[in-house]
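Chemist: My questions are about this predicted structure, shown below with the sequence.
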Number of protein chains: 2
Amino acid sequence: MRIAVDAMGGDRAPEEVVAGALQSLETPGHDLVLVGQPEALRRCMEGRKYPPERVEVRPADGVIGMGESPSASLKRRDTSIALAVQLVRDGEAEAVVSAGNSGAFMAHATLRLATIEGVERPAIAIVVPALPGPRVLLDAGANASCKPEHLVQFAQMGAVYARDVLRIRNPRVALMSIGEEASKGSGLTKAAHRLLSELRDELNFVGNVEGDTVFADVADVIVCDGFTGNVFLKTAEGTAQAMVDGLRAALTSSLRARIGAFLVRGALTRFRQLFDYATYGGALLLGVNGICIVGHGRSDARAIKAAVSVARQAVQTRVVEEIAASCRALQAAPVLPAADAIEADASTVGG
Amino acid sequence: MRIAVDAMGGDRAPEEVVAGALQSLETPGHDLVLVGQPEALRRCMEGRKYPPERVEVRPADGVIGMGESPSASLKRRDTSIALAVQLVRDGEAEAVVSAGNSGAFMAHATLRLATIEGVERPAIAIVVPALPGPRVLLDAGANASCKPEHLVQFAQMGAVYARDVLRIRNPRVALMSIGEEASKGSGLTKAAHRLLSELRDELNFVGNVEGDTVFADVADVIVCDGFTGNVFLKTAEGTAQAMVDGLRAALTSSLRARIGAFLVRGALTRFRQLFDYATYGGALLLGVNGICIVGHGRSDARAIKAAVSVARQAVQTRVVEEIAASCRALQAAPVLPAADAIEADASTVGG
């Protein structure tokens, strides 16, 4: 198994990206193709211990900036993202990891790898840490606006991911809304609720969840449009960070608290890791013909190592093939109700 | 000043509602009208210390259930919500507090009190705890779908609230989106961004914020549609609760951690209060001709007491009159660009 890594992508590239990628080689079973400016990469690799036969450097002179327009970036064929995606297209790598410009990465992946038959829009799937176990939420930001039938496809893909990667039997699928009742929500969620309800034989649809019940043990797959999913993701990150900051301030507010904090340090570290994006490594872009891992722009070595591990798992469980099979089955099932007729209408909560 | 309290509203009514309302009388300067079933209320009041001349019980036999349809509830005139709102309409009370069915409360408030001239849709304004100080976010759930010009009105109302109640000079207004660039987001946010940018003389518009930067010190007023705002609110609540649960588990995981936890207990309590909805009491329904405080359904006595305090503050700072004046000023300003022409279009992030 070969995994391509965009070594130039991310706020802390190439140093942390190269370091994390090489650390992933502590586990056997995969080789790396590091894509980027050869001299910069070689400097980062110097002095590090790794099995050289498992690492190839593929030169790419161009780098897509974090603020660059995704559509404009498509024209440049010499960038590390373009070449890393091309490796998957050409069958030279089974997966690609990038913590670079995520819009550009998604644009390249969608255009060069194409979507799986039956999938109109790829979606970013994130793993939400919760007890008793993690769950998957999609779309976390690939599509700012969605149609109801897109959410059905997200549900389909998310269920495969939950089953094969998270190993959850018969995963429960829920729709993110602002009330448990089918009558609450936006025009989009009401229409999607109707479609998902009609597919109960194919999907284990359990109804609506809200931003807080995502963390409760009521669903394994949560679907929403990319705007909502991105607000969820960023809000959860922001709240967790604000709480960690507040906790730090509280724990240093007095001598008594500082002594206590020293004693709980180990426990707090384990607790913090549960809510740390670096523990999860990256999100999967589901729906394209290839494994694409979208890393966090702030990724450090630990996050990149985790992202490579997510890529391995996705390749091993054959996520792309399983989604394709699942989409074929859904298309063979009773035809989807005509969603074109369902128009998003302005309406008030519970109105 | 007289404040009407829907004593039957909320999961823990009437006991906790009556207890919290009576506790608010520890502060001088307002009287209470408790609206609800007289016998139930009298039972809750028995044995409690309070100045009886400051409390009136107004009988209401009906109770609107938490799951009841808001529109159906409008037909029943004998409910505690209907009568409590009516007191404000009739000038018998300056404000009304309810932790009951929020959809029904909003429907009654909007219909019986009517919206302020120039405001098409009332919005729920919540106070977001953050450092160095709190900020206000609206709409947190009154309108599942919004037009761009609604968000402009929310900005207007939120700026008045931040200035008069939170005492922030020249409050910075931001739009919730999924990227800082004006080009990112949904059709709604892109159109609202254009409108807000053209009103820079009237509003201190600073651009887009994301779910995580809400907690950073970049804006004092954050506007969004009610679906997005509700996802933000619930996600922040759910994340905070999940972290508190995780923290509790971590702090009892070993003897060493338990001893440390004992030492940091006081610091943690202060920390937890910062993120506890009960500290803030309730959200304001802005845009109607009267002060309406929407309490959390799970409100306990402490939350109700805080909600009465929010009501007092809103009456004292004349929020309704100030919003009306601000709306008149905006309407006298250069006419809003024709927003009807701006249609929400399906588009991908950064596309």
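Modeler: Sure thing, it's come through. Residues are numbered from 1 along each chain as shown, chains lettered A, B, ... in the order given.

Chemist: what's the helix or strand for the closest residue to chain B within the stretch 51-200 of chain A?
Modeler: Closest residue of the stretch 51-200 of chain A to chain B, C-beta to the nearest C-beta: A:G103 (3.3 Å). C-beta here means a position set from N, CA and C on the backbone, and glycine is covered the same way. For A:G103, the host element (DSSP states H and E) is helix A:102-108.

Chemist: any residues touching that helix, and which ones?
Modeler: A:6, A:9, A:64, A:68, A:70-71, A:73-74, A:81-82, A:85, A:98, A:122, A:124, A:141-142, A:285, A:292, A:294, A:297, B:348-351 (C-beta atoms under 8 Å, 6 or more residues apart in numbering or on different chains).

Chemist: Quick test: name the residue nearest the centre of chain A.
Modeler: Geometric centre of chain A, nearest residue: A:A283, 1.7 Å, by C-alpha atoms, centre = their mean.

Chemist: Just checking the helix or strand that it is a member of against chain B, any contact.
Modeler: Element membership for A:A283 (DSSP H and E) is strand A:282-286. No. Among the residues of strand A:282-286, none lie within reach of chain B under C-beta under 8 Å from any C-beta of the partner chain; the closest is 12.0 Å away.

Chemist: The next helix or strand after that strand: partners in the sheet, and parallel or antiparallel?
Modeler: If you walk from strand A:282-286 toward the C-terminus, the next helix or strand you reach (DSSP H and E) is strand A:291-295. The strands beside strand A:291-295 in its sheet (DSSP bridges) come out as strand A:95-98 (parallel), strand A:282-286 (antiparallel).

Chemist: for chain A, what spans make up the helices?
Modeler: Using DSSP state H, the helices assigned to chain A run over residues A:15-23, A:38-45, A:70-73, A:80-89, A:102-108, A:148-164, A:187-197, A:226-251, A:255-274, A:277-280, A:301-316, A:319-332.

Chemist: which other residues reach the fourth one?
Modeler: Outside helix A:80-89, the residues within contact range by C-beta under 8 Å, 6+ apart are A:2, A:4-9, A:33, A:35-37, A:58, A:60, A:62-64, A:73, A:76-77, A:93-96, A:98, A:100-101, A:104-105, A:108-109, A:112-113, A:290-292.

Chemist: Show me what from the stretch 51-200 of chain A comes close to chain B.
Modeler: Within the stretch 51-200 of chain A, the positions adjacent to chain B are A:67, A:69-71, A:102-104, A:106-107, A:121, A:130-131, A:141-147, A:176, A:178, A:181, A:184-187, A:189 by C-beta under 8 Å from any C-beta.

Chemist: isn't the residue nearest to the centre of chain A right up against A:D139?
Modeler: No. Counting by C-beta atoms under 8 Å, A:A283 sits too far from A:D139 to count as a contact (9.9 Å).

Chemist: what stretches of chain A score poorly on pLDDT?
Modeler: Within chain A, the segments meeting pLDDT under 70 span A:274-278, A:332-351.

Chemist: Spell out which residues make up each domain of it.
Modeler: Chain A resolves into domains spanning A:1-118+A:287-316, A:120-279 when parsed by automatic domain parsing.

Chemist: Relative to B:V288, how far out is the closest residue to A:A174 other than its chain neighbours?
Modeler: The spatial neighbour of A:A174 that comes closest, neighbours along the chain excluded (C-beta to C-beta, 6 or more residues apart in numbering or on different chains), is A:A219 at 3.5 Å. Relative to B:V288, A:A219 is positioned 36 Å away (C-beta to C-beta, to the nearest Å).

Chemist: cool, A:E56 as well?
Modeler: In this structure, A:E56 and B:V288 are separated by 66 Å, where distance is defined by C-beta to C-beta.

Chemist: now do A:G67
Modeler: Taken as C-beta to C-beta, the span from A:G67 to B:V288 is 42 Å.

Chemist: If you count surrounding residues, which of those two has more?
Modeler: Per other C-beta atoms under 10 Å in any protein chain shown, whichever of A:G67 and B:V288 has more neighbours is B:V288, with 25 against 10.

Chemist: ok, the closest residue to that one other than its chain neighbours to chain A distance?
Modeler: Here the nearest residue to B:V288 in space, its sequence neighbours aside, is B:L113; by C-beta to C-beta, 6+ apart that works out to 4.5 Å. Computed as C-beta to the nearest C-beta, to the nearest Å, the B:L113 to chain A distance reads 16 Å.

Chemist: so what's B:L113 up against?
Modeler: B:L113 sits next to B:85, B:88-89, B:288-290, B:292 when contact means C-beta under 8 Å, 6+ apart.

Chemist: Just the buried ones from those residues?
Modeler: Burial by neighbour count, judged by 16 or more other C-beta atoms under 10 Å in any protein chain shown, picks out B:85, B:88-89, B:288-290, B:292 from those.

Chemist: wait, isn't A:D245 in contact with B:L131?
Modeler: Yes. Counting by C-beta under 8 Å, B:L131 is a contact partner of A:D245 at 7.4 Å.
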